[in-house]
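[1] Any chance you can model this:
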Amino acid sequence: MVSRFGISYVTLHPKLGRSDLESSARYYLDHAATSWPKPPGSLEACIDFQINNGASSGRGVYHSAEASSRLVLTARQAVARLIHAPSERHIAFCNNGTHALNAAILGLLHSPTLRGCHVVTTATEHNSVLRPLELAHQTNGTTWTAVPCDDTGMVDPNRILEAMTPGTRLVVVNHASNVTGAIQDIRTLAGIAKSKNAIFVVDAAQSLGYLPIDVLECGIQILAAPGHKGAGGMLGTGILYVDEHVQHLIEPIWIGGTGSQSDSIAGPFDWLSAVESGNGNLPGIASLKAGIEWLEKRPLSAQTDRWALQMIEAILEEPSLKLIGPLENRLPVISLIHPTSSCHEMAMILDSACHVEARSGFHCAALIHEFLGTQTAGGTLRLSLGHTTVEADVEAAIEGIHMLGSLHP
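    A predicted model of the protein is given here:
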């Protein structure tokens, strides 16, 4: 039984055959994948919706359906506040970050205006950006360039500018790397995109809820992110912000039940109806709203950054371990490698010996490892902190780091 914020969580570990009913040790350091535990109110909002409402949104005029529609509206408003969007009319709900990025990238690149254009992105991107770009290349002639990063995962804005051509209409940038934690200079990159009349798209999978984001101030025209990481929602939630000046360019790439125009099969259908076709994950949206409201009452904590620094210092104390990523200007996403032990071996050691849960592998980022020098290691061992990390997690992680440092090189 793990207790945080006065809430008890009972969890199972089937791969190890142990249960927290038998052992209280579970030190979760994989917030870059999804946050756990969820902040107070998030789980309760999800359950409350299922028990006391359960109706679809936008599908009826009876009392509970109207209540569901109000829930979606207020959740959109919460997301708009979080990223300083002009209004909730710019916000669509998606199933996850991948869904949001595909809706934006493929929706734009299937538009007659942008079909076959050139796209600039970076080697730091998640496969949720890289694979849709390659799919568009294979299906409609889109060309794309991935600008290299340095060995810490940082991208030089000048390289973005140099990669742009007269046919570049889209720039897609990872706000913060899910491998190195490196934070890119999105204000400068937005200015470069604007100077070349290119649409600026930001993948905020790691930064949403952890870094202040003002889409207007930063010049972000499209922002995609999961709702189940820093924003505190359940798995199965995602958001897509689209500036009103580019909404008309997002072509529907799927369509079904919209709750409106039900007597027509031809459309036209606006971007929001297309992106949100079908019944939405209202229990998840309720949890996301609660997670954001919890964040609004809780200032961004410097404690997490201090804990991350302590973990980095522990890595630097071990000659056999190599920190991957910058020392500064980073999120609390920490990667490391060992000269002779694979990242998978290290993850299993942490889990079995210290009950520390960390992720190993390439982290769904296909191109960055060439520049980090982590290909032969099978990627990196990644430890990531979040809003609900507690000191015991950090202490266990540091103990585990020193244990890994003692492995025979």
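[2] Now stretch 322-329: buried residues?
    Judged by neighbour count (16 or more other Cβ atoms under 10 Å), stretch 322-329 contains these buried residues: 322-326. Yep, even glycine has a C-beta here, placed from its N, CA and C like the rest.
[3] Now find how far off-centre it is within its chain.
    Mean-position distance between stretch 322-329 and its chain equals 20 Å (Cα atoms, centre = their mean, to the nearest Å).
[4] With stretch 151-167 instead?
    22 Å.
[5] what do you get for stretch 47-62?
    On the basis of Cα atoms, centre = their mean, stretch 47-62 sits 27 Å off its chain's mean C-alpha point.
[6] just stretch 88-99 next, same as before
    So, by Cα atoms, centre = their mean, the centroid of stretch 88-99 is 12 Å from its chain's centroid.
[7] thinking again about what came up before, return the closest of the buried residues of stretch 322-329 with respect to Pro37.
    Taking Cβ to Cβ as the measure, Pro37 lies nearest Gly325 of those, at 25.9 Å.
[8] That closest one contacts Ile337, doesn't it?
    No: with contact defined as Cβ atoms under 8 Å, Gly325 does not reach Ile337; the gap is 11.1 Å.
[9] could you dump the helix or strand containing Tyr241 to CSV, C-alpha only?
    Element membership for Tyr241, per DSSP states H and E: strand 238-242. Extracted in CSV, the C-alpha atoms of strand 238-242 (Å, rounded to 0.1, in the frame of the first residue of the first chain):
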residue,chain,number,x,y,z
GLY,A,238,-4.7,14.4,-25.2
ILE,A,239,-5.1,18.0,-26.3
LEU,A,240,-4.7,19.9,-29.6
TYR,A,241,-4.5,23.6,-29.7
VAL,A,242,-5.0,25.2,-33.2
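[10] Can you give the contact residues for it?
    79, 83, 85, 90-100, 103-104, 208, 215, 220-228, 231, 250, 271, 275, 288 (Cβ atoms under 8 Å, 6 or more residues apart in numbering).
[11] Closest one to Glu357 out of the buried residues of stretch 322-329, please.
    Distance to Glu357, by Cβ to Cβ, is smallest for Ile324 among these, at 19.1 Å.
[12] what pairs with the nearest residue to the closest one once chain neighbours are set aside across the strands?
    Of all residues not flanking Ile324 in the chain, Ser335 sits nearest, at 4.0 Å (Cβ to Cβ, 6 or more residues apart in numbering). Beta bridges link Ser335 to Ile324, Arg382, judged by DSSP bridges.
[13] Burial check on Ile47, number of neighbours?
    Residues lying near Ile47 (other Cβ atoms under 10 Å) number 13.
[14] List the contacts of it.
    Per Cβ under 8 Å, 6+ apart, neighbours of Ile47: Pro283.
[15] In the stretch 51-200 of the chain, mark out all the helices, start to finish.
    Under the criterion DSSP state H, counting those that start in this stretch, helices of the stretch 51-200 of the chain are mapped to 63-83, 97-109, 127-140, 157-163, 186-195.
[16] Tell me which of those helices sits most buried.
    Looking across the helices of the stretch 51-200 of the chain with neighbours counted as mean count of other Cβ atoms under 10 Å, the highest average goes to helix 97-109: a mean of 26.
[17] Show residues contacting that one.
    Residues contacting helix 97-109 (Cβ under 8 Å, 6+ apart): 92, 94, 114-115, 117, 119, 126, 128-129, 132-133, 135-136, 140, 142, 170, 172, 199, 201, 203, 205, 222, 224-226, 238-240, 242, 246, 249-253, 271, 274-275.
[18] Would you mind writing the PyMOL command to select the buried ones in the residues you listed?
    A single PyMOL command selects the buried members of the contacts of helix 97-109 (16+ other Cβ under 10 Å):
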select buried, resi 92+94+114+115+117+119+126+128+129+132+133+136+142+170+172+199+201+203+205+222+224+225+226+238+239+240+242+246+249+250+251+252+253+271+274+275
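[19] thought Phe362 was touching Gly378?
    Yes: the pair Phe362 / Gly378 is scored as a contact, 7.5 Å apart, by Cβ under 8 Å.
[20] tell me which residues in stretch 202-211 are buried?
    Applying a neighbour-count criterion of 16+ other Cβ under 10 Å, one finds 202-210 buried in stretch 202-211.
[21] Which ones among these map onto strands?
    202-203 (DSSP state E).
[22] re the thing from before, distance from the chain centre to the strand holding Tyr241, please.
    Averaging C-alpha positions (Cα atoms, centre = their mean) puts strand 238-242 11 Å from its chain's average.
[23] Report the buried residues of stretch 292-301.
    Buried positions in stretch 292-301, judged by neighbour count with 16+ other Cβ under 10 Å: 292-295.
[24] From these, pick the one nearest Arg382.
    Closest to Arg382, out of all of those and judged by Cβ to Cβ, is Leu295, at 23.1 Å.
[25] dump the residue contacts of the closest one.
    Per Cβ under 8 Å, 6+ apart, neighbours of Leu295: 39, 82, 209, 231-232, 387.
[26] Keep only those of these that are in helices.
    Per DSSP state H, helices hold the following members of the contacts of Leu295: Leu82.
[27] any idea how far the residue sitting furthest away from the middle of the chain is from Ile255?
    For the chain, the largest distance from the centre (Cα atoms, centre = their mean) belongs to Asp263, which lies 36.9 Å off. The spacing between Asp263 and Ile255, counted by Cβ to Cβ, to the nearest Å, is 15 Å.
[28] ditto for Asn178
    31 Å.
[29] Among the two, which residue is more densely surrounded?
    Set side by side, Asn178 and Ile255 show more neighbours around Asn178, with 26 against 14, by other Cβ under 10 Å.
[30] Hmm, the more buried one is touching His31, no?
    No: applying Cβ under 8 Å as the test, Asn178 and His31 come out as separate, 10.5 Å apart.
[31] Now do the shared contacts for those two.
    Counting by Cβ under 8 Å, 6+ apart, no residue touches both Asn178 and His31.
[32] burial count for Asn52?
    Asn52 has 9 neighbouring residues, counting by other Cβ under 10 Å.
[33] As CSV, the buried residues of stretch 322-329 with pLDDT and distance to Gly259 would be great.
    Shown next, in CSV, are these (pLDDT from 0 to 100; distance: Cβ to Cβ, whole Å):
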residue, pLDDT, distance to Gly259
Lys322, 98, 53
Leu323, 98, 50
Ile324, 98, 46
Gly325, 97, 45
Pro326, 96, 46
